[in-house]
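*Asks:* based on what follows, work out the 3D shape:
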Amino acid sequence: MKFSVFQVSRKGGRLKNEDRMGYCYTRESALFVLADGMGGHPEGEVAAQLALQAVSALFQREARPVLTDVRHFLSAAIGAAHQQIMRYAGRKAMLDTPRTTIVVAVLQQGCATWAHCGDSRLYAVRGERLLVRTRDHSHAERPRPGVSPQTVNRNLLQTCLGSPVPPVFDLSDALPLQQGDRLMLCSDGLWGVIEDALLVRTLGGARPVADAAPELVEMALRRGGPQSDNVTLIALEWETPDAPGSEPGVSTDSIGPDVFASSIQAGLPGEADYDELDEAAIERSIAEINEAIRRSAARKT
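*Replies:* Here you go, the predicted model:
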């Protein structure tokens, strides 16, 4: 299994960055996850981080080195993330719970399968053609009968993780991948200001994802202006090992069956993990992850 991956998160014009993203992999399976903590509720960044840690911890436990049932894993992972947020809110006796959207993708046996809750999206692109994108759990994309999508606030979501009501989520079928296919998980800070046609054309062009992805982020920040939302994405290109002209990427062919690599802190957090949580610590963590990825990519070139 081989793939090229690029991830980036920018705060934009907001006071803090409530988006989180990361990936982890074994020899035969890879997990990509992005969560967008919801404003208007407390500690959205904590909800997003808890969701990532819960999903990656379950992946580490179940992918040995392959998931036996990907769709079952995705369902369990969404549920585990939601319950982790609810337990955190309960321990702190919070009157309002932290909340987040989430999109999770698994690459295994040459296929991609994903789940999402809320309006964090996944795009699958082949060449410059959109294969599929997720449909938001929003009143804009799923309007009530007799209500025009143009008359509703696209930011009003029908479901999320951390809500007192159990989350609703969609599961995809397995999508067989071809060499060069690209997947992107992103927050609404990106797709909300870049139309799908331009997004797909930029992501699916001839340049590597390490060039296309930052261009999309900068484009979103420019279009969003001083009040830009947090802009976060994780993009990957699927490659067969030793493909002619392929960009250096992550290759799992030489690692052992018990190896687990992650850009996400592994393990379910306890109360102490967030006693001293502040934005500076979160930003340092993101910077450390990005630097580790940069060094890893440099060693492969």
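*Asks:* may I have the one helix or strand residue 72 maps to exported as CSV, CA atoms only?
*Replies:* Per DSSP states H and E: residue 72 is located in helix 70-91. Written as CSV, here are the backbone C-alpha positions of helix 70-91 (Å, rounded to 0.1, in the frame of the first residue of the first chain):
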residue,chain,number,x,y,z
VAL,A,70,-14.6,-1.6,7.5
ARG,A,71,-18.2,-0.5,7.6
HIS,A,72,-18.7,-1.9,11.1
PHE,A,73,-15.5,-0.2,12.2
LEU,A,74,-16.7,3.2,10.9
SER,A,75,-20.0,2.9,12.6
ALA,A,76,-18.3,1.9,15.9
ALA,A,77,-15.8,4.7,15.5
ILE,A,78,-18.5,7.4,15.1
GLY,A,79,-20.2,6.0,18.2
ALA,A,80,-17.1,5.9,20.2
ALA,A,81,-16.2,9.5,19.3
HIS,A,82,-19.6,10.7,20.3
GLN,A,83,-19.6,8.8,23.6
GLN,A,84,-16.1,10.1,24.5
ILE,A,85,-17.3,13.7,24.1
MET,A,86,-20.4,13.0,26.2
ARG,A,87,-18.3,11.4,28.9
TYR,A,88,-16.0,14.4,28.9
ALA,A,89,-19.0,16.8,29.3
GLY,A,90,-20.5,14.7,32.0
ARG,A,91,-17.3,14.6,34.0
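*Asks:* check which residues of it are buried.
*Replies:* 70-71, 73-74, 77-82, 84-86, 88-89 (16 or more other Cβ atoms under 10 Å). To be clear about C-beta, it is placed using only N, CA and C from the backbone, and glycine gets the same treatment.
*Asks:* so which of the residues you listed comes closest to residue 107?
*Replies:* residue 70 (9.5 Å; Cβ to Cβ).
*Asks:* so the closest one touches residue 115, yeah?
*Replies:* No. With contacts counted by Cβ atoms under 8 Å, residue 70 stays clear of residue 115, the gap being 9.6 Å.
*Asks:* strands of the stretch 151-300 of the chain, start to end?
*Replies:* Assigned by DSSP state E, counting those that start in this stretch, the stretch 151-300 of the chain shows strands spanning 170-171, 175-176, 182-186, 231-239, 250-251, 261-262.
*Asks:* rank these by pLDDT, which is bottom?
*Replies:* Mean pLDDT is lowest for strand 250-251 among the strands of the stretch 151-300 of the chain, at a mean of 86.
*Asks:* just for the stretch 151-300 of the chain, where's the confidence low?
*Replies:* 151-155, 240-248, 265-300 (pLDDT under 70).
*Asks:* what ranges does it have for its helices?
*Replies:* Here the stretch 151-300 of the chain has its helices, by DSSP state H, counting those that start in this stretch, at 188-191, 196-203, 209-224, 279-300.
*Asks:* taking the centroid of this structure, which residue is nearest it?
*Replies:* residue 34 (1.9 Å; Cα atoms, centre = their mean).
*Asks:* before we move on, the earlier item: nearest to residue 208 among the buried residues of helix 70-91?
*Replies:* Using Cβ to Cβ, those come closest to residue 208 at residue 70, 27.0 Å.
*Asks:* OK, contacts around the closest one?
*Replies:* 106, 108, 113, 174 (Cβ atoms under 8 Å, 6 or more residues apart in numbering).
*Asks:* and the pLDDT at it?
*Replies:* pLDDT, residue 70: 97.
*Asks:* where's it relative to residue 10, distance?
*Replies:* Using Cβ to Cβ, to the nearest Å, residue 70 is found at 31 Å from residue 10.
*Asks:* go on, residue 114?
*Replies:* Counting by Cβ to Cβ - residue 114 and residue 10 are separated by 23 Å.
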